[in-house]
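K.L.:
Return atomic coordinates for the entry below.
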Amino acid sequence: MWKDWIRPFVRPLPQWSTIAVAPPQQAVTATLRWDRRSADVTTDHTVASLKPLSIATSIDAGDAPSLEYTDSTTGKLLGALHLARATSIAVDGSNVTIYHVEDSEHRCLPWPRRAWNEWLQNRVMRKSNTSHHALMDPHSVQQLMIAYLCPRPVILVSVDTPGHRNMFPMDLIGPLRRSELFSLALRNTNVSEPVMRDVRKVALSSMPASMKGTVYKLAEHHKEALGDWSALPFPTRPSRTFGIPAVATALRIRELGIVQAHDMGSHTFFLGRMASDEDLTEGTQLHHTAGFHQAYRRRRNAAFAEV
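P.N.:
Numbers count the residues shown, from 1 in each chain. As a prediction, this is how the structure comes out:
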């Protein structure tokens, strides 16, 4: 039908695709390149803040490295972020380097559709009043989508003190493998942010893709704390060491002891070490990736399962 043919030219692709992936994702490889050197950072880089858009890694790659994302099967370059060194954080003998994103590019769509789709998406963002788009300009959101070429897992974070309890979703998370740290980048307007700074311990529930609707509903708790654990729409179980309520049907429950918290503009960058790790069951986990990445994979009959 002619409508199917013309649709890509008048409507932008979705910015994000919600997908089901068996963890850990192995579809995309992330490589840091600098001074004719390179390092695999698939499990050693994460987003540290949205404004300014920042990337954290355990590797000090100099002043101006590039972070490349490639298809693990074909080796094709999907996109790249061009970085500028911002600062370094010392943590118990290890170092985490923070880079700001200076420029970016992707090759998931052919030219000129790539530029046209970006223009269409930017036009929609400029008209949008969502908090995400209010925080970041369209150019920065395009760069963030490239960071999501590596599918990002979604977890539920649990916080529990005598005067405060909460559970909310996050995907700005990830391991910094070489330093044996794990990071959470939490919007500094989150109601639980000061509590996490104080109590320095949380439980992380890796969520099955089938629970997408329930997970998204809990996003309201970024602004308003949970009144009582019994109000949750699923059963909980205490985490192994801290005894924090976590999701009983989670694929995996980990406990994070927070060792440092840093102001990074729009976000607080929490760094911690795992206190426990329970693999409970196998299954596909809820992940996010860029819409143009899913379009790339669909053209090659290798699309992620969408939920």
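
K.L.:
ok now do Ile19, which residues does it touch?
P.N.:
Pro151, Ala209, His287, His288, Thr289, Gln294, Phe304, Ala305, Glu306, Val307 (C-beta atoms under 8 Å, 6 or more residues apart in numbering). Backbone N, C-alpha and C define where each C-beta goes, glycine included.

K.L.:
Mean pLDDT per helix and strand in the chain: which one sits at the bottom?
P.N.:
Least confident helix or strand of the chain, by mean pLDDT, DSSP states H and E, is helix 2-10 with a mean of 54.

K.L.:
Which ones among the contacts of Ile19 lie within strands?
P.N.:
Counted as lying in strands by DSSP state E, out of these, are His287, His288, Thr289, Ala305, Glu306.

K.L.:
taking the mean pLDDT, what do you get for the host helix or strand of Glu278?
P.N.:
If you go by DSSP states H and E, Glu278 is part of strand 267-279. When pLDDT is averaged over strand 267-279, the result is 98.

K.L.:
Name the residues of that strand that come out as buried.
P.N.:
By neighbour count with 16 or more other C-beta atoms under 10 Å, strand 267-279 contains the buried residues His267, Thr268, Phe269, Phe270, Leu271, Gly272, Ala275.

K.L.:
same question, stretch 197-207
P.N.:
Val199, Lys201, Val202, Ala203, Leu204, Ser205, Ser206, Met207.

K.L.:
And the fifth one, its phi and psi?
P.N.:
The phi/psi pair for Leu204 (degrees, to the nearest 10) reads phi -120, psi 120.

K.L.:
In its sheet, which strands sit next to the helix or strand hosting Thr70, and in what direction?
P.N.:
Assigned by DSSP H and E, Thr70 falls within strand 66-71. Neighbouring strands of strand 66-71 in its sheet, by DSSP bridges, are strand 28-34 (antiparallel), strand 77-91 (antiparallel).

K.L.:
is it true that Ala64 touches Asp35?
P.N.:
No. Judged on C-beta atoms under 8 Å, Ala64 makes no contact with Asp35 at a distance of 9.5 Å.

K.L.:
ok, which stretches of the stretch 101-250 of the chain are helices?
P.N.:
Listed in chain order, the helices of the stretch 101-250 of the chain (DSSP state H, counting those that start in this stretch) span 113-127, 131-135, 138-147, 193-199, 212-217.

K.L.:
deepest of those helices, which one?
P.N.:
helix 138-147 (a mean of 20; mean count of other C-beta atoms under 10 Å).

K.L.:
got the angle between that one and strand 66-71?
P.N.:
50 degrees (axes from the mean of the first three to the mean of the last three C-alpha atoms, to 10 degrees).

K.L.:
elements contacting helix 138-147?
P.N.:
strand 45-50, strand 53-57, strand 77-91, strand 94-106, helix 113-127 (3 or more C-beta pairs under 8 Å, 6 or more residues apart in numbering; DSSP states H and E).

K.L.:
would you say Ala39 is within a strand?
P.N.:
Yes. Under DSSP: H, G, I helix; E, B strand; the rest coil, Ala39 sits within a strand.

K.L.:
Just list the residues touching it, thanks.
P.N.:
When contacts are counted by C-beta under 8 Å, 6+ apart, Ala39 touches Thr31, Leu32, Ile59, Ala61.

K.L.:
6 Å instead, please
P.N.:
Leu32, Ile59 (C-beta atoms under 6 Å, 6 or more residues apart in numbering).

K.L.:
pLDDT below threshold where in the protein?
P.N.:
For the chain, the stretches with pLDDT under 70 are 1-9, 129-133.

K.L.:
and if we set it to 50?
P.N.:
1-3, 5 (pLDDT under 50).

K.L.:
What are the structural domain limits within it?
P.N.:
2-150, 152-286 (automatic domain parsing).

K.L.:
from those domains, which stretch is densest packed?
P.N.:
Buried most deeply of those, by mean count of other C-beta under 10 Å, is domain 152-286, with a mean of 19.
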